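Trainee: Can you look at this prediction? I've put the sequence above it.
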Amino acid sequence: MVIRFIGLKKLNDGQQAAINKISNKYYQKIARNLKKDVDVDLQVKIDDTAGKRERFTIKIRIDQPSVLINANSSDWDLNKALHKAFEAVLREIEHKFKSKPLKWRFLTKRKLEEE
C-alpha cells in the first residue's frame, strides 16, 4: 500500500503538490478495482529543459503478486500527463480483469425478459 515516487526532487513545490494530490486520488480507484494492497511506482522525467517549456514523461508501474501493469504518458502539461497515465492504468485493469460490465450483456438480458 505504497506510492513510490522517482524523480520528484527535480520538480518545484507546486508540481510536487499536484503530483501527490492526483496520485492519491487515483491510488484509491486502483486499490478499489484490484481489491488488494497495491504498490505503485511513479517515475517522472523532465525532457527538453533547454527551451522555455518542459516536457514531462510519466511512467507508472503497479506491482502485485498476480498483476504487473505498466503505463506511459508524456505531455507538456504535468497534470495532463499524470491523468493520461493513470487513466491508461485503469483501462488496463478493466481489460485484464473484465471489471467493467459490458453494455450488450444488459441489452440481451432486457430483450430476453421482454419476450
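Mentor: Perfect, I can see it now.
Trainee: Around the residue nearest to residue 8 when sequence neighbours are not counted, how many other residues sit close by?
Mentor: Using C-beta to C-beta, 6 or more residues apart in numbering and skipping the chain neighbours, the partner closest in space to residue 8 is residue 16 (5.8 Å). Placement of C-beta: from N, CA and C, glycine included. Neighbour count of residue 16, defined by other C-beta atoms under 10 Å: 15.
Trainee: Tell me where the protein has helices.
Mentor: Along the chain, counting by DSSP state H, helices occupy 13-34, 78-97, 103-114.
Trainee: Packed most tightly, which of those would that be?
Mentor: With neighbours taken as mean count of other C-beta atoms under 10 Å, those reach their highest mean count in helix 78-97, at a mean of 17.
Trainee: got the angle between it and helix 13-34?
Mentor: Going by axes from the mean of the first three to the mean of the last three C-alpha atoms, to 10 degrees, helix 78-97 is angled at 10 degrees with respect to helix 13-34.
Trainee: and helix 78-97, C-alpha only, in CSV?
Mentor: Extracted C-alpha coordinates of helix 78-97, given in CSV (Å, rounded to 0.1, in the frame of the first residue of the first chain):
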residue,chain,number,x,y,z
LEU,A,78,2.3,17.8,-15.9
ASN,A,79,-1.3,17.4,-14.8
LYS,A,80,-2.5,16.2,-18.2
ALA,A,81,0.4,13.7,-18.4
LEU,A,82,-0.5,12.3,-15.0
HIS,A,83,-4.2,12.0,-15.8
LYS,A,84,-3.4,10.2,-19.1
ALA,A,85,-1.0,7.7,-17.4
PHE,A,86,-3.4,6.9,-14.6
GLU,A,87,-6.4,6.5,-17.0
ALA,A,88,-4.3,4.1,-19.1
VAL,A,89,-3.6,2.1,-15.9
LEU,A,90,-7.4,2.0,-15.1
ARG,A,91,-8.2,0.9,-18.6
GLU,A,92,-5.6,-1.9,-18.4
ILE,A,93,-7.1,-3.1,-15.1
GLU,A,94,-10.6,-3.1,-16.6
HIS,A,95,-9.2,-5.1,-19.6
LYS,A,96,-7.3,-7.7,-17.6
PHE,A,97,-10.0,-8.4,-15.0
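Trainee: That concludes my questions; thank you for your assistance.
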